[in-house]
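**Q** after the sequence you'll find the predicted model.
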Number of protein chains: 4
Amino acid sequence: MPQIGALLRKLIADGQVSDPASPRGKLLAAAAKLFRQNGYAATTVRDLGAEVGILSGSLFHHFKSKEEILFGVMSEVVVAMEAALRAALSEAHEPRAAVRALIATELAFIHGKTSNATAVLLYEWRALNSSRQAQILTGREAYFAMWQQTLKAAQQAGLVAVEPEYLRQLIHGALTWTAVWYKPSGALSLDGLADRCLLMALSERP
Amino acid sequence: MPQIGALLRKLIADGQVSDPASPRGKLLAAAAKLFRQNGYAATTVRDLGAEVGILSGSLFHHFKSKEEILFGVMSEVVVAMEAALRAALSEAHEPRAAVRALIATELAFIHGKTSNATAVLLYEWRALNSSRQAQILTGREAYFAMWQQTLKAAQQAGLVAVEPEYLRQLIHGALTWTAVWYKPSGALSLDGLADRCLLMALSERP
Amino acid sequence: MPQIGALLRKLIADGQVSDPASPRGKLLAAAAKLFRQNGYAATTVRDLGAEVGILSGSLFHHFKSKEEILFGVMSEVVVAMEAALRAALSEAHEPRAAVRALIATELAFIHGKTSNATAVLLYEWRALNSSRQAQILTGREAYFAMWQQTLKAAQQAGLVAVEPEYLRQLIHGALTWTAVWYKPSGALSLDGLADRCLLMALSERP
Amino acid sequence: MPQIGALLRKLIADGQVSDPASPRGKLLAAAAKLFRQNGYAATTVRDLGAEVGILSGSLFHHFKSKEEILFGVMSEVVVAMEAALRAALSEAHEPRAAVRALIATELAFIHGKTSNATAVLLYEWRALNSSRQAQILTGREAYFAMWQQTLKAAQQAGLVAVEPEYLRQLIHGALTWTAVWYKPSGALSLDGLADRCLLMALSERP
DNA sequence: TATGAATGAGGATTCATTCAT
DNA sequence: TATGAATGAATCCTCATTCAT
C-alpha cells in the first residue's frame, strides 16, 4: 500500500494541509472524527469545542462558521488525495499497476489516518452549500481525470471490459462502500482487499 | 428488468406496505422524497407537513415522532426488497441469471418508483437509534442471505473469482453508488447498467 | 364516622350530584382520579377519554371545556360536603360533639369515596379561572359558616382557647394535610385520627 | 421570631444557597415567585425569562431544564430550613421553648423572605420526577428528625397529649395551610400566630 | 485568543378544541 | 353521541453565532 505519512508531512510543510499540532489542525481532526461518527447536522459546535478543550464561542476565532469547518475538512483531504494519487501513478509503469494504484490509493485514504476526513468528504456532501460544493468539485477534477486516463489506458490494453466512464463510477462505489463494512483489523488485510477489488475490476482470469 | 409495480400492489393489498392513497402512504412518500433530497436532519416536520398539505402538528396523529416516520420509510422498503428479490430469483434457473437477478432487482429499487425510499434506507442509517437499526437489520437478513447463497452458487459454477462474502459487499457498494451518478434518463439504460455491473462482477470474458 | 353513602344516594336522586352510572358521572369520577393523581395541568383530555373509554373529541359533547370538567368535580363535592355537615351537626346536641362532627365529616370526605374529588377541590384551586373560583367560594360559604358557628359555641362553652376564626383555619389545615400522609389502611383508624384532631383542637386535658 | 436574614447571608457565603445578586440567584427568586403565583405547570420558560429580563433560550445556560429550576428552588429552601431550625433549637433550653421554635421557624419560612420558595416546596411536589423527589426527601430527613425528637421530649414532659408522629403531621398541616389564609400585614402578628399554634399544639390551659 | 452570557430564530412535540362524517 | 383527522397556538428546548470582558 502507498505510504501516506511522508506525503502528508510534505503537504504540511508546504502549508497545503494544516499541521495537526496547530489549533486549526486539531480542530479539523476533531471535526472529522465527530462529523464522521455522528454526522454533520447532529454534531454541535459545543461538541466540537469539548473535543478540543475549548468553549464553543472560541471556535469562531478560527473559523467563521460551522460549515467552514466542514469545508476545511473536505478541502484538505481533496488536496491530499490528488497529491497521493499523482505520486502513486508516477511509480506505476504499466496499466495493471496503474489501476492497482488507483484502488490502493483510495483505500489508503478510506482506511488510513485520514479515514475520518475521507468519509466526511464522501458522505456529508449535501451539508455543503452549492457554491462550496462547486469549489470541492473543481478541486477533485484532476483526481478524476487521472482515474479516467488510467482506465482508458487499461481498456486499450484489453484489461477491462466495461467502458471507463462507467467502470470508474462502479469501482469508486465499491471502494467507497468499504468504509461501511471493512475493518482493517479483521481477517482481510488492506492489500488483500485491494487485490479483490482489482480482480473484480479487471477482465482477466486470476 | 423486474417489474416492481405488480409486486407493490400485492404488498399493499396484504397490508405490508402503506397504500400511497392513504394519509399514511402519502406522508411516507413525501418523507422519502424530502429525506433523500435534503437529508433527515435538515428536513423539518414543517417541511413534511407542507409537502402533504397539513400542519406539522397533525403529523403526530399518524406517527409518534419524526424518527418513526423515517423508520416507516425504511421498513417498508425492506419488506418490498425482500419480496422482489425472492420473486426474481424464483425465475432465475441458472447461476448467471441468478446473479443478474440480484443486480437488476437492486437497481430497480434504487432507480425505480421506490428510489427515494431506497436511498433513504442506504444513506440515513445513522439517524435511526440503535434499537430501530437492529430491527431493520433483522428485516434485511433474509435479503442478504439470498445474495450470499446466490453468489456462492456462482462461485461453485466458476463464475466469480472473489470470495462471495467480499464480492457481495463490493457489488453492493457499486450498485448503491449508482444512486449518486446514474440518471435513468441518460444514454445508458437501466438494463445496460445492469449488464455492465454483471460484466464486472463475473470473471468471464464478454 | 358519618356514613356518606346514603347521603350521596339522596343527592343523586335529587339531581344535585351526577349519577356515577351515567356518562357524566363516570367522567367526573375519572377526572377526579386523574386530576388528583397527576394534577389538572398534567392530565390531558386524551388521558381522560382513555380512562372512560372514549376518544378525547367526544368529551366535548358532555363538557364545553376541560376546565368545566374540573369545575364539575369541585362543585359537586362542595354541595355534598355542605349537605353532609348539615346532617352531622343536626345530630350533635352539645358543643363537643359538634366539633367532633366538623372534624369527622371533613375526614370522611378527605379519605372516603369522595377522596379524589375532595383533594382536587383543595389542591387544584389555582387551575380555575377567577369567576369560577368565586362561584365555588359562594358555594362554600354555608359550610364555613357552620364551622364558625360551631367553634364559637365551643368557645363560649370554654372548650377552646384559640379564637374561632383562627382555630378554624388551623384545624382545616391540619385536616387537609392528612390527605398527604394518612393512609386509612394503616395502624390508625379514621376514628382514631378524628380523636387526635379533636384532642389537639380542644383545650381540655384528656 | 427567628431572624432568617443573618443565617441566609452565612449560607450564601458558604455557597450553599445562591447569591440573590447572581444570575442564578435572580432566576431562582423569579422562579419561586412565578411558580408560587401561577403554579409550575402554568409558568412558561418565557414568563421566567421575562421576569429576569432575558430571553427564554438563555435560561438554559444556567439550568438544563425547567424542572431543574424547580429543583433548585426547592433544594435551597430545604438546606436553609434545616440550618435555621438547628440554630433555633440550639437556643431553646426547655421543651416548651423548643416546640415554639419548631413552629416559629416554619412560620418564618412560610411568611418571610423565603415564602415563595417555601410555598413551592410544599405545593409543587408532584411536578418533580420521582428521582428528584427522593433527593429532596433525603434532604429533609434531618429537619423532620428534629421535629420528631423535640415533640418526643415535649411528650415526656407531659406537654402534649397526641402521639408525636401524628402531632407532627397535624401541626405541620396547620402551619402549611397558613400560607393560604394568613396575611402578615393583617391584624394578627406572626408572633401572635405562633402563639395560637403553640396553644393548639400543647395540652395545657393558657 | 479564550471566556461565558446572551441572542433569536427555529427545532420537535403537545394539546385543547373543532367539525365533517 | 361517538369518531378521528385536522387545527393552530403554545410548549420546552437547541443551537450557531455574537460580543463585552
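**A** Nice, thanks for sending it over.
**Q** after the host helix or strand of A:His172, which helix or strand is next? Please name it.
**A** Secondary-structure element containing A:His172, defined by DSSP states H and E: helix A:164-181. Beyond helix A:164-181 in the direction of the C-terminus, DSSP H and E gives the next helix or strand as helix A:190-201.
**Q** that following helix and chain B, are they touching?
**A** Yes: between helix A:190-201 and chain B, judged by Cβ under 8 Å from any Cβ of the partner chain, the touching residues are A:193, A:196-197, A:199-201. The C-beta positions use only the backbone N, C-alpha and C, and glycine is treated the same way.
**Q** longest helix anywhere in chain A?
**A** Scanning chain A for the longest helix, with DSSP state H as the assignment, gives helix A:130-156.
**Q** buried residues in that helix, which are they?
**A** Within helix A:130-156, the residues that qualify as buried by neighbour count (16 or more other Cβ atoms under 10 Å in any protein chain shown) are A:132, A:136, A:139-140, A:143, A:146-147, A:150-155.
**Q** same question for stretch A:71-83.
**A** For stretch A:71-83, a neighbour-count test (16+ other Cβ under 10 Å) marks A:71-83 as buried.
**Q** stretch A:112-119 now?
**A** In terms of neighbour count (16+ other Cβ under 10 Å), stretch A:112-119 has its buried residues at A:112, A:114-119.
**Q** mind putting those residues into a markdown table with distance to B:Ser185 and pLDDT?
**A** Conversion of the buried residues of stretch A:112-119 to a markdown table gives the following (distance: Cβ to Cβ, whole Å; pLDDT from 0 to 100):
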| residue | distance to B:Ser185 | pLDDT |
| --- | --- | --- |
| A:Gly112 | 38 | 94 |
| A:Thr114 | 36 | 95 |
| A:Ser115 | 35 | 97 |
| A:Asn116 | 36 | 97 |
| A:Ala117 | 34 | 98 |
| A:Thr118 | 31 | 98 |
| A:Ala119 | 30 | 97 |
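**Q** among those residues, which are located in helices?
**A** A:115-119.
**Q** which residues touch the residue most central in space within chain A?
**A** Nearest residue to the geometric centre of chain A (Cα atoms, centre = their mean): A:Thr118, 3.8 Å. Contacts of A:Thr118 were listed using Cβ atoms under 8 Å, 6 or more residues apart in numbering or on different chains, and they are A:77, A:81, A:109-110, A:179.
**Q** one more: A:Ala101?
**A** Taking Cβ under 8 Å, 6+ apart as the contact definition, A:Ala101 lies against A:2, A:85, A:88-89, A:91-92, A:150.
**Q** now these in CSV, with pLDDT and distance to DNA strand F?
**A** CSV is the format used below for those (pLDDT from 0 to 100; distance: Cβ to the nearest atom of the strand, whole Å):
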residue, pLDDT, distance to DNA strand F
A:Pro2, 69, 35
A:Leu85, 97, 32
A:Ala88, 96, 36
A:Leu89, 97, 38
A:Glu91, 95, 42
A:Ala92, 95, 42
A:Thr150, 97, 39
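**Q** please list only the buried members of the residues you listed.
**A** By the neighbour-count criterion of 16+ other Cβ under 10 Å, the contacts of A:Ala101 include these buried positions: A:2, A:85, A:88-89, A:92, A:150.
**Q** packing partners for the longest helix of chain A?
**A** Packing contacts for helix A:130-156, counted by 3 or more Cβ pairs under 8 Å, 6 or more residues apart in numbering or on different chains; DSSP states H and E, involve helix A:66-90, helix A:95-111, helix A:164-181.
**Q** among those helices, which comes closest to B:Phe60?
**A** For the helices and strands packed on helix A:130-156, proximity to B:Phe60 was assessed by Cβ to Cβ; helix A:66-90 is nearest, at 29.5 Å.
**Q** okay, the angle between that closest one and helix A:95-111?
**A** Helix A:66-90 and helix A:95-111 meet at an angle of 150 degrees, taking axes from the mean of the first three to the mean of the last three Cα atoms, to 10 degrees as the criterion.
**Q** do helix A:66-90 and DNA strand E meet at all?
**A** No: using Cβ under 7 Å from any atom of the strand, helix A:66-90 never reaches DNA strand E; the gap is at least 12.5 Å.
**Q** thinking again about what came up before, looking at the ones in helices among the buried residues of stretch A:112-119, which is nearest chain B?
**A** Among those, A:Ala119 lies closest to chain B (Cβ to the nearest Cβ), at 11.3 Å.
**Q** got JSON lines for the helices and strands packed on helix A:130-156, with distance to B:Val17 too?
**A** Listed next are the helices and strands packed on helix A:130-156 as JSON lines, based on distance: least, Cβ to Cβ, whole Å:
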{"stretch": "helix A:66-90", "distance to B:Val17": "36"}
{"stretch": "helix A:95-111", "distance to B:Val17": "35"}
{"stretch": "helix A:164-181", "distance to B:Val17": "26"}
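**Q** what about these, which gets the closest to D:Ala187?
**A** If you check each of the helices and strands packed on helix A:130-156 against D:Ala187 by Cβ to Cβ, helix A:66-90 wins as the nearest, at 64.1 Å.
**Q** now do that closest one: distance to the chain's middle.
**A** What separates the centre of helix A:66-90 from the centre of its chain is 7 Å, taken as Cα atoms, centre = their mean, to the nearest Å.
**Q** cool, stretch A:138-151 as well?
**A** Relative to its chain's centre, stretch A:138-151 lies at 13 Å (Cα atoms, centre = their mean).
**Q** other residues contacting that stretch?
**A** The set of residues external to stretch A:138-151 that reach it, using Cβ under 8 Å, 6+ apart, is A:75, A:78-79, A:81-82, A:85-86, A:89, A:95, A:98-99, A:101-102, A:160, A:164-165, A:167-168, A:172.
**Q** and what of stretch A:41-54?
**A** Defining contact as Cβ under 8 Å, 6+ apart, one finds that stretch A:41-54 is touched by A:23, A:26-27, A:30-31, A:33-35, A:37-38, A:55-59, A:66, A:69, A:127, B:39, B:41-42, B:126-127.
**Q** what about chain A, any weak spots by pLDDT?
**A** For chain A, residues meeting the criterion pLDDT under 70 lie at A:1-2, A:204-206.
**Q** need the buried residues of stretch A:112-119 in JSON lines with distance to C:Asp47, can you?
**A** Below are the buried residues of stretch A:112-119 laid out as JSON lines (distance: Cβ to Cβ, whole Å):
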{"residue": "A:Gly112", "distance to C:Asp47": "56"}
{"residue": "A:Thr114", "distance to C:Asp47": "54"}
{"residue": "A:Ser115", "distance to C:Asp47": "50"}
{"residue": "A:Asn116", "distance to C:Asp47": "47"}
{"residue": "A:Ala117", "distance to C:Asp47": "51"}
{"residue": "A:Thr118", "distance to C:Asp47": "51"}
{"residue": "A:Ala119", "distance to C:Asp47": "46"}
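**Q** quick one: which of these is nearest to A:Ser189?
**A** Minimum separation from A:Ser189 among the buried residues of stretch A:112-119 (Cβ to Cβ) is found for A:Gly112, which lies at 13.0 Å.
**Q** tally of neighbours for the nearest residue to A:Thr118 once chain neighbours are set aside?
**A** Nearest-residue entry for A:Thr118: A:Phe109, 4.5 Å, with adjacent residues in sequence omitted and distances by Cβ to Cβ, 6 or more residues apart in numbering or on different chains. Taking other Cβ atoms under 10 Å in any protein chain shown as the neighbour definition, A:Phe109 ends up with a count of 25.
**Q** residues contacting A:Phe109?
**A** Counting by Cβ under 8 Å, 6+ apart, A:Phe109 touches A:4, A:77, A:80-81, A:84, A:115, A:118.
**Q** how about the residues of chain A by DNA strand E?
**A** The interface of chain A toward DNA strand E, taken as Cβ under 7 Å from any atom of the strand, is made up of A:23, A:49, A:54-58, A:61-62.
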